[in-house]
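**Student:** A structural model of the following input is requested.
(2 chains)
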Amino acid sequence: MPLHPGISSSTGLISGFFEWFGNLGIFSWQVIKAAVTPPFEGRELIRQLDDVGSKSLPLVALAGAAVGVVLSMEVRSSMSRFGATSLLPSAIVYSVVQEMGPTITGLVVSGRVGAGIGAELASMKVTEQIDAMEASAVSPFRLLAATRIVACILMLPLLTLAADTCGIFMGWLAQTLVSPISLHQFIQAGFSGATLSDFLPPTFKTAFFGLIIGLIACYQGMRTRGGAEGVGRAATNSVVLASLFVILADVVLVKLILVIFH
Amino acid sequence: MATAYDTAIEQEETQQGDSALAVAVESVHKTFGRHTVLNGISLSVKRGETLAVLGRSGTGKSVLLRLIVGLETPDSGSVRISGQDIAGLSLDQLGVVRKRMGFLFQHAALYDSLTVGENVAFPLVHHRGDLSRAERSDRVNQLLAEVGLERALDKMPSDISGGMQKRVGLARALALEPEILLLDEPTAGLDPISSGEIDDLILKLQREHQMASIVVTHDMHSAKTIANRLALLDKGNVVIEGTFEDLQQSKIEFAQEFLKLS
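**Tutor:** Next up is the predicted model:
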C-alpha cells in the first residue's frame, strides 16, 4: 500500500537528516586521517591562517566595538534604574568576554569565512578542480579541507581576543562620554575579582566554533553538485548551518564551562 | 586433466599478459541511481598504443576514464593498471598508481587561483620534492615549450583561451612523465584549427613519450588522426572495437549511422 504523501515526505526528511550527519562523520574521519599523516601542507596552512585571521580581523574588531557600545548604552540604562551604575564596568567586561565577544566572533567568521570556503570549494568541485587534484594523487582532504579547518580552529580564539579588546575599549569610550572614567579605572573595576577561569574557557571555546565553521563549510563545498546554482547553495548552506551550529554548540559549551569551572 | 603445475603456469601467463596491458577494464558495470551508464564493458590498451573511445553523449565515456583513474568505483568488474587491480587499494596505494597516469579533463580543470606556470608545477611541487626550485622551473618551462605556451607562464587561466587551457592541462598531465595518458574530449569546443593543433600535439607527444593513451572524443576526424584503435560505445557497452577501417566496414547499424553523421 502506498504511503501517505505526508508520511513519505517526513521519512525522506528524516533519512536526509541522518544521511547528512553520516556523511559529515565520514568526511570528518577522512579529514582527520589526512591531517595527521605526512606530507603536511605548511605553506597552504599559512595562507589559510592569513585568509581566515588577518582578513577577518577588521570585521571582527568592528563587530566587537559595536557590541561594546551597545552593551554600554543598554546596561547603563538598566542599571541606573536600580542605582547600580558602579557595576557597569564589570557588567560590560563580563558580558563582552564571556558571551558577546565569542558569539559575535563565531557568527561574523561563519558569515565571512564560511561563505568564502563554501563557495571556493564548491566552485572548485563543479569545475572538476578537486577531481584534478585527486587525479594528480594530491589529497583534497589534506590540501583543501584540513588546512582550512585547522586555520579556523587556531584563528578563532585570537580573533575573539581582538573582538573582546575592541568591545571593552568601545564600552569604556561610550561610558566615559556620559560619565567620565579613566580607562585604567574602568579596566580595574571591570576585572576586579575575576579569575583566569572566568575568561580563558569562553575564549578557547571559540576554537570549537572554528572547528564547526571550517568543517561545515568544507563539507558543504566539497559535496556540491550542479553548477553555479550548486555553488550558491553551498555558500548559503555553509553560512546558515555554521551559524546555527555555532549557536547550538554555544549552549552546550556554556553549560559545560559552568559545570567544569564554577 | 590440467595439473596444479599447468594451472600455475596458466595463471602466471595470464598475469604476464595483464601486466603487458597498461590498462585493462573487464566486465565493468556502473550505475548512478536507476541509470545504468556502463553495462559490463571490457577494454584494454597496450603500452605505446592509443585507443579512441567514441559514442553519443551520456554513454559513459567520461565515466570510463574516471573509473580508470579511480575517481569512481565500479559496481562490479575490475580495472587493472599495469596488471594491478585498483579496487580495494588504499588512498596511498591509489596515489602511487595515479602518479603513473596523466589526466586531461574535458574543460581542462586548471586551478583558477594559480598561474599557468603554477598549474603545471602543481604535480611536481607535491610529488617531486627531490627537484630544486631551479630544476622545477626548468621542467615547467620545458613542458610549456612542448605545448607551445612558454610565454603564458605568468598568465592566469581565465586570461587564456579554451584551446590554450587544454594545452596547459596537457602540460600538467605530462608533468610526472606518465605511462598512461587519459584525455577527455581534448578537442571539444575548439575551432578546427585549434583542434588540429591539439591533435598534432598529442601525436607528437605520443611519438616522443610512447605512452598508452585513451582518448574520449566525439570528433571522428580527431580519433582517426590520433588513435591506433577505436571503440564505439552505445548503451554502456562496446558496439565495435578495431581500426578505423574495421569501423568503416562494419555492418552494425549504429556504427554505420555514427560514421555517417560524424
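
**Student:** Contacts for stretch B:30-49, please.
**Tutor:** B:20-29, B:51, B:53, B:58-60, B:63-64, B:67, B:72, B:74-75, B:77, B:179-180, B:206, B:210-214, B:228-229, B:231, B:233, B:235-238, B:241 (C-beta atoms under 8 Å, 6 or more residues apart in numbering or on different chains). Every C-beta, even on glycine, is put in place using the N, C-alpha and C of the backbone.

**Student:** can I get the CA coordinates of that stretch in CSV?
**Tutor:** Output of stretch B:30-49 as CSV, limited to C-alpha atoms (Å, rounded to 0.1, in the frame of the first residue of the first chain):
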residue,chain,number,x,y,z
LYS,B,30,28.4,1.3,-13.3
THR,B,31,25.0,2.6,-12.3
PHE,B,32,24.1,6.1,-11.0
GLY,B,33,20.7,5.8,-9.2
ARG,B,34,18.5,4.0,-11.7
HIS,B,35,20.6,4.9,-14.7
THR,B,36,23.0,2.2,-15.9
VAL,B,37,25.9,4.0,-17.5
LEU,B,38,28.3,1.1,-18.1
ASN,B,39,26.9,-2.3,-18.7
GLY,B,40,29.7,-4.9,-18.5
ILE,B,41,32.2,-3.0,-20.6
SER,B,42,35.6,-4.5,-21.4
LEU,B,43,38.5,-2.7,-23.0
SER,B,44,42.3,-2.8,-22.9
VAL,B,45,45.2,-0.6,-24.1
LYS,B,46,48.8,-1.7,-24.5
ARG,B,47,51.9,0.5,-23.9
GLY,B,48,52.6,2.9,-26.8
GLU,B,49,49.0,2.4,-28.1
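
**Student:** Please state the offset of that stretch from the chain centre?
**Tutor:** Mean-position distance between stretch B:30-49 and its chain equals 13 Å (C-alpha atoms, centre = their mean, to the nearest Å).

**Student:** mind listing what's buried in that stretch?
**Tutor:** B:30, B:36-39, B:41, B:43-45, B:49 (16 or more other C-beta atoms under 10 Å in any protein chain shown).

**Student:** Identify the farthest-apart pair in the residues you listed.
**Tutor:** B:36 and B:49 (28.3 Å; C-beta to C-beta).

**Student:** tell me which element residue B:36 falls in.
**Tutor:** According to DSSP states H and E, residue B:36 maps onto strand B:35-46.

**Student:** still on that earlier bit, for the buried ones among the contacts of stretch B:30-49, write the corresponding ChimeraX selection.
**Tutor:** To isolate the buried ones among the contacts of stretch B:30-49 in ChimeraX, judged by 16+ other C-beta under 10 Å, type:
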select /B:21,22,23,24,25,26,28,51,53,59,60,63,64,67,72,74,77,179,180,206,211,212,213,214,229,231,233,236,237,238,241
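
**Student:** Can you list which of the contacts of stretch B:30-49 are found in strands?
**Tutor:** B:21-29, B:51, B:53, B:77, B:180, B:212-214, B:229, B:231, B:233, B:237-238, B:241 (DSSP state E).

**Student:** What distance do you get for residue A:38 to residue B:92?
**Tutor:** Between residue A:38 and residue B:92 the distance is 11 Å, computed by C-beta to C-beta, to the nearest Å.

**Student:** Neighbour count: the two, which is higher?
**Tutor:** Using other C-beta atoms under 10 Å in any protein chain shown, the more surrounded residue of residue A:38 and residue B:92 is residue B:92, with 10 against 6.

**Student:** what about the more buried one, which SS state?
**Tutor:** In three-state terms, and counting by DSSP: H, G, I helix; E, B strand; the rest coil, residue B:92 is helix.

**Student:** Give me the pLDDT value at it.
**Tutor:** If you check residue B:92, the pLDDT there is 85.

**Student:** Against residue B:22, how distant is it?
**Tutor:** Taking C-beta to C-beta, one finds residue B:92 at 22 Å from residue B:22.

**Student:** cool, and residue A:84?
**Tutor:** Using C-beta to C-beta, residue A:84 is found at 81 Å from residue B:22.

**Student:** try residue A:250
**Tutor:** In terms of C-beta to C-beta, residue A:250 sits 56 Å off from residue B:22.

**Student:** From the chain's centroid, how far away is the longest helix along chain A?
**Tutor:** Within chain A, and with DSSP state H defining each element, the longest helix by residue count is helix A:227-261. Chain-centre distance of helix A:227-261: 7 Å, with C-alpha atoms, centre = their mean.

**Student:** Show me what it is packed against.
**Tutor:** Here helix A:227-261 touches helix A:101-109, helix A:115-126, helix A:196-222, going by 3 or more C-beta pairs under 8 Å, 6 or more residues apart in numbering or on different chains; DSSP states H and E.

**Student:** Next, format these as JSON lines and append mean pLDDT, mean neighbour count and distance to chain B.
**Tutor:** As requested, these are exported to JSON lines (pLDDT from 0 to 100; neighbours: other C-beta atoms under 10 Å in any protein chain shown; distance: least, C-beta to the nearest C-beta, whole Å):
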{"stretch": "helix A:101-109", "mean pLDDT": "95", "mean neighbour count": "26", "distance to chain B": "21"}
{"stretch": "helix A:115-126", "mean pLDDT": "95", "mean neighbour count": "24", "distance to chain B": "8"}
{"stretch": "helix A:196-222", "mean pLDDT": "93", "mean neighbour count": "23", "distance to chain B": "14"}
